[in-house]
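Colleague: Sequence and predicted structure below; questions after.
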Amino acid sequence: SYRMIYALSNAGADPNVVDEKGNTPLHEALIRGFHDTGFDLIQALFRIGVDQRIANKEGKTPSAYLEENPQLVALYDGYEDGIWTAVETCNIEETERLVKGFIKIDCKHNSNKTLLDKARD
């Protein structure tokens, strides 16, 4: 359930953890498909700060597993590179918009820095 995503995030779970195939939770959600995982679960992953730029061991980012579902594609496009790009490019308006949308800002990126660390840099 998507509520479990928020509970795990609030308990400090890393949303970008990878399995033996290099897949993040977002990879797995999209591989299993929109109909099996649900829109709310995928949206929850974006809201807690999952990094959609992480490639698995096959070199595929989560976007490689997007279905041709207009609602899901719009959701993905709305968050694509999202908060990480906003912080890295000092885009204050976009950062504020995403933070207000309940994005977790203390998770670590593949550079082993949090968004707060990136903002300080």
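Modeller: Cool, the structure landed.
Colleague: Give me the below-cutoff pLDDT ranges for this protein.
Modeller: Judged against pLDDT under 70, the low-scoring parts of the chain cover residues 34, 36, 79-84, 98-111, 115-116.
Colleague: Show me where it has its helices.
Modeller: Taking DSSP state H as the test, the helices found in the chain are 2-10, 25-32, 34-37, 39-47, 70-79, 82-88, 92-100, 115-120.
Colleague: Out of these, which gets nearest to Pro62?
Modeller: Judged by C-beta to C-beta, the one of those that comes nearest to Pro62 is helix 25-32, at 4.4 Å. For every residue, glycine as well, the C-beta is placed using N, CA and C.
Colleague: what's the angle between that closest one and helix 39-47?
Modeller: Put simply, helix 25-32 runs at 150 degrees to helix 39-47, going by axes from the mean of the first three to the mean of the last three C-alpha atoms, to 10 degrees.
Colleague: Report the backbone C-alpha coordinates of helix 25-32 in CSV.
Modeller: Backbone C-alpha positions of helix 25-32 (Å, rounded to 0.1, in the frame of the first residue of the first chain) are rendered in CSV as follows:
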residue,chain,number,x,y,z
PRO,A,25,11.5,0.6,-5.7
LEU,A,26,10.5,2.8,-8.6
HIS,A,27,12.0,0.4,-11.1
GLU,A,28,10.0,-2.5,-9.4
ALA,A,29,6.8,-0.6,-9.3
LEU,A,30,7.0,0.2,-13.0
ILE,A,31,8.2,-3.3,-14.0
ARG,A,32,5.2,-4.7,-12.2
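Colleague: got the buried residues for it?
Modeller: If you call a residue buried by 16 or more other C-beta atoms under 10 Å, then helix 25-32 has these buried ones: 25-31.
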